[in-house]
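Peer 1: Below: sequence and its predicted model.
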Amino acid sequence: MRILLTFFSVILLLSACANGSEKGYKNFLSDDEDTLSILIVDYSLNNSSIEEIEAQGIEKLITKVYQSTTLDIKDDKYDLGLKNKPAYVVFNNKEIVYKTYSEASLFDFLKSYNK
């Protein structure tokens, strides 16, 4: 499951970056109103956040996980307003619903959202 989720994360990130020629974060949105997607911008790619999502039992809430080390946080292309790395941005099917620079805060939000 973890390998499959990681594989899809990388594919989806590449797809989002390739299709992201227009300004905005449209490609990062979740597929439907009952699920979320997450963008993780960090100094290195690792699976710790994905593993923690699985451990917390909230993987059914998350349909997409994008990871990037190269997304320039100062670039206005995606209109994310990120200031630091690591950054965690949560999307529903319409907009950004949560943004944080703390993994612990991310999981607190996801647990409360999942209720």
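Peer 2: Done, it's in.
Peer 1: do you know how far Ser48 is from Phe107?
Peer 2: 11 Å (C-beta to C-beta, to the nearest Å). The C-beta positions use only the backbone N, C-alpha and C, and glycine is treated the same way.
Peer 1: same question, Phe91
Peer 2: Relative to Phe107, and taking C-beta to C-beta, Phe91 is found at 16 Å.
Peer 1: got it, and Tyr25?
Peer 2: Counting by C-beta to C-beta - Tyr25 and Phe107 are separated by 21 Å.
Peer 1: ditto for Gln56
Peer 2: In terms of C-beta to C-beta, Gln56 sits 6 Å off from Phe107.
Peer 1: Compare neighbour counts for the two and give me the winner.
Peer 2: Each of Gln56 and Phe107 has its neighbours counted (other C-beta atoms under 10 Å); Phe107 has more, 18 against 13.
Peer 1: And Asp108, how far from Leu29?
Peer 2: The value you get for Asp108 to Leu29, if C-beta to C-beta is used, is 22 Å.
Peer 1: of those two, who's got more company?
Peer 2: Shown here are Asp108 and Leu29; by other C-beta under 10 Å, Leu29 has more neighbours (18 against 13).
Peer 1: contacting residues for that one?
Peer 2: Leu29 makes contact with Ser37, Phe91, Asn92, Asn93, Lys94, Glu95, according to C-beta atoms under 8 Å, 6 or more residues apart in numbering.
Peer 1: Go ahead and confirm the fourth one touches Ser30.
Peer 2: Read it as Asn93. Yes - at 4.9 Å, Asn93 counts as touching Ser30 under the criterion of C-beta atoms under 8 Å.
Peer 1: These two: which is more packed in?
Peer 2: Ser30 (20 against 15).
Peer 1: now the more buried one, what's its secondary structure?
Peer 2: Under DSSP: H, G, I helix; E, B strand; the rest coil, Ser30 falls in the coil class.
Peer 1: ditto for Ala104
Peer 2: Applying three-state DSSP: Ala104 is helix.
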